[in-house]
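> Have a look; sequence and predicted model below, questions after that.
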Amino acid sequence: MKIRSLILAVAAIAAGASSLVTTSAFAQAKEQFFPLLSYRTGPYAPNGVPWANGKQDYLKLINARDGGINGVKLTYEECETGYATDRGVECYERLKGRPGVAIFDPQATGITFALTEKVTTDKVPLITLGYGLSVAQDGQAFKWNFPLMGSYWTAADILIQHIGKKEGGMDKLKGKKIALVYHDSPFGKEPIPLLQERARMQGFDLQLIPVTAPGVEQKSAWLQVRQSRPDYVLLWGWGVMNSTALKEAQATGYPRDKMYGVWWAGAEPDVKDVGEGAKGYNALTLNTSGTQPKVIQDILKMVHDKGQGTGPKDEVGSVLYTRGVIIQMLSIEAVRRAQERFGKGKVMTGEQVRWGMENLALDQKRLDALGFTNVMQPLSTSCSDHMGSTAARVQTWNGSKWEFSSGFIAADEQIIKPMIKAGADKYLADKKMTRRTSADCQS
């Protein structure tokens with residue numbers, strides 16, 4: 001009797017264990033994992049924190065409001081990089097093997113460079129919205145990289161177009177001096193080839209002034225600005241470098257209304273400590289800010305009002321917070337698009353998400369449905385175009401807030417596309433790789 005009872009007990013335990021394994025496997029099969037590389041510490045934290053918070057809050061919103069993506073719950077884990085390339089690679093290696101991993105957002109151009117070849121082997125896409133490799137717009141050469149909404153080449157071109165218009169025509173740039181004060185890193189160096197090409201075409205004098213990272217010491221750079229007296233300064237900064245540059249410009253008497261920053265130098269942390277001293281400063285922007293959009297209202301109501309917000313409530317809707325929301329939305333829409341082809345309600349592989357990212361079609365109607373009315377431009381990607389949109393606006397700091405000072409300006413692709421093809425061809429030749437075939441574009 002005891003033996004029979006023991007056998008029954010063992011059978012029950014085995015059945016229970018089997019049930020647990022099945023349940024666990026099912027739960028695992030219904031979770032799409034988003035690794036979140038971030039930097040909440042170090043000199044870039046003031047800009048990195050709202051960006052990271054926006055991404056997390058949007059994930060929480062989709063779970064709370066929609067129950068995930070067609071029933072697939074969204075999970076995530078943050079990994080602190082401190083904006084350092086080696087730590088970013090470590091985070092990638094630690095998280096890439098997680099079940100259901102969808103996509104990586106490196107949040108740094110240097111980390112993007114380091115991961116570009118790794119993701120080809122690991123078959124997981126990179127979303128590098130507004131940063132990364134400019135030549136990666138060519139999806140036939142860079143299958144796994146997606147510099148959505150713009151690159152540093154499109155940003156530089158838009159700024160030169162805007163300055164040309166301000167001067168009364170592009171021909172009026174001849175003989176002008178334009179200085180690039182840039183973060184001495186892959187990020188800061190990336191716009192240089194485009195600016196050199198524009199300088200050759202328009203006949204302006206391009207001056208290159210590097211700033212050693214993280215950018216807290218810029219006196220020598222602004223001494224060069226004071227001595228050369230350029231007509232315009234382009235600021236390619238990030239984090240503490242931006243506010244420091246504005247303070248140095250004020251100290252040396254350089255007019256802030258002659259300064260134009262990239263879209264990573266045009267957020268609240270860049271100007272709030274300078275205040276009136278930054279008045280007149282201009283910067284590109286890829287998105288609006290504020291709490292008016294429905295998606296931001298939904299986050300406030302369904303995430304923050306329930307005590308689930310990642311950061312402070314008064315940060316919600318700021319420039320970089322909203323950009324983080326956009327990045328996460330595009331990642332999620334890539335998964336949703338992939339499900340349309342590979343199976344709704346299923347967890348997508350990295351390869352499937354890559355296809356979804358390459359086949360995004362977010363027209364205004366779809367953006368409105370997602371709650372992104374007037375937040376960003378419509379976006380459509382393809383095998384040959386991994387960017388999907390090349391327009392941005394200029395905004396100006398009035399001493400207390402940002403105000404738009406231009407409409408959307410599209411980069412001149414007649415100039416950029418030949419440069420992209422040449423750069424992509426060189427990359428492929430160096431790596432002994434070939435362009436994707438038509439069949440691969442359909443896979």
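In hand now; what should we look at?
> number of nearby residues for E77?
If you count neighbours by other Cβ atoms under 10 Å, E77 ends up with 12. Quick note: C-beta positions are derived from backbone N, CA and C, even for glycine.
> whoops, E93 was the one
With other Cβ under 10 Å as criterion, E93 counts 12.
> For it, give its distance to F104.
11 Å (Cβ to Cβ, to the nearest Å).
> can you check T322 too?
Distance from T322 to F104, by Cβ to Cβ: 21 Å.
> buried ones in stretch 408-418?
For stretch 408-418, burial by neighbour count (16 or more other Cβ atoms under 10 Å) applies to 409, 411-413, 416.
> Go through those residues and name the one nearest F342.
Set against F342, the nearest of these by Cβ to Cβ is E413 (31.7 Å).
> Angles on the backbone of the closest one, please.
phi -80, psi -10 (degrees, to the nearest 10).
> And it, how far from T288?
Applying Cβ to Cβ to E413 and T288 gives a distance of 24 Å.
> model confidence over stretch 134-145, on average?
Regarding stretch 134-145, the rounded mean pLDDT is 97.
> Would you pull up how far it lies from the middle of the chain?
Centroid separation between stretch 134-145 and its chain, computed with Cα atoms, centre = their mean, to the nearest Å, is 15 Å.
> same deal with stretch 303-310?
The answer for stretch 303-310 is 24 Å, by Cα atoms, centre = their mean.
> Return the residues in contact with Q308.
60, 64 (Cβ atoms under 8 Å, 6 or more residues apart in numbering).
> I figured L95 was touching E77, is that so?
Yes: in this structure, L95 is within contact of E77 by Cβ atoms under 8 Å, at 6.5 Å.
> who touches both of those two?
Joint contacts of L95 and E77 (Cβ under 8 Å, 6+ apart) are P35.
> Show me the buried residues of stretch 408-418 that map onto strands.
In strands, judged by DSSP state E, the following of those are found: I409.
> Now do the nearest residue to Y39 once chain neighbours are set aside, the pLDDT please.
Excluding its sequence neighbours, the residue lying closest to Y39 (Cβ to Cβ, 6 or more residues apart in numbering) is G48, at 4.0 Å. Here the pLDDT value assigned to G48 is 95.
> all strands in the stretch 301-443 of the chain, in order from the N-terminus.
361-362, 379-380, 391-397, 402-404, 409-410 (DSSP state E, counting those that start in this stretch).
> Residues in contact with the second one: which ones?
Spelled out, it's strand 379-380. So strand 379-380 is contacted by 148-149, 330, 360-363, 388-389 (Cβ under 8 Å, 6+ apart).
> Please repeat the previous calculation with a cut-off of 6 Å.
For strand 379-380, contacts defined as Cβ atoms under 6 Å, 6 or more residues apart in numbering pick out 361-362, 388-389.
> In the sheet, which strands lie alongside it, parallel or antiparallel?
Sheet pairing of strand 379-380 (DSSP bridges) gives strand 361-362 (antiparallel).
> Relative to P191, how far out is the most centrally placed residue in the chain?
Centroid-nearest residue in the chain, with Cα atoms, centre = their mean: L129, separated by 2.9 Å. Relative to P191, L129 is positioned 16 Å away (Cβ to Cβ).
> what about K73, neighbour count?
16.
> One more: V303?
23.
> quick one: average confidence on stretch 69-89?
Per-residue scores along stretch 69-89 average to 97.
> Name the residues of that stretch that are buried.
69, 72-76, 78-85, 87-89.
> now could you export just the CA positions of that stretch as CSV?
Coordinates of each C-alpha in stretch 69-89 appear next as CSV, following Å, rounded to 0.1, in the frame of the first residue of the first chain:
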residue,chain,number,x,y,z
ILE,A,69,0.7,43.1,-29.3
ASN,A,70,-2.2,40.8,-30.4
GLY,A,71,-2.0,39.1,-27.0
VAL,A,72,1.8,38.9,-26.8
LYS,A,73,3.0,40.5,-23.6
LEU,A,74,6.0,42.9,-23.8
THR,A,75,8.9,42.4,-21.4
TYR,A,76,12.1,44.3,-21.1
GLU,A,77,15.4,44.7,-19.2
GLU,A,78,17.6,47.7,-19.0
CYS,A,79,21.4,47.5,-19.2
GLU,A,80,23.5,50.5,-18.2
THR,A,81,26.2,51.5,-20.8
GLY,A,82,27.3,54.9,-19.5
TYR,A,83,27.5,55.7,-23.2
ALA,A,84,30.7,53.6,-23.3
THR,A,85,31.2,51.4,-26.4
ASP,A,86,32.7,48.5,-24.5
ARG,A,87,29.9,48.4,-21.9
GLY,A,88,27.3,48.7,-24.7
VAL,A,89,28.8,45.6,-26.4
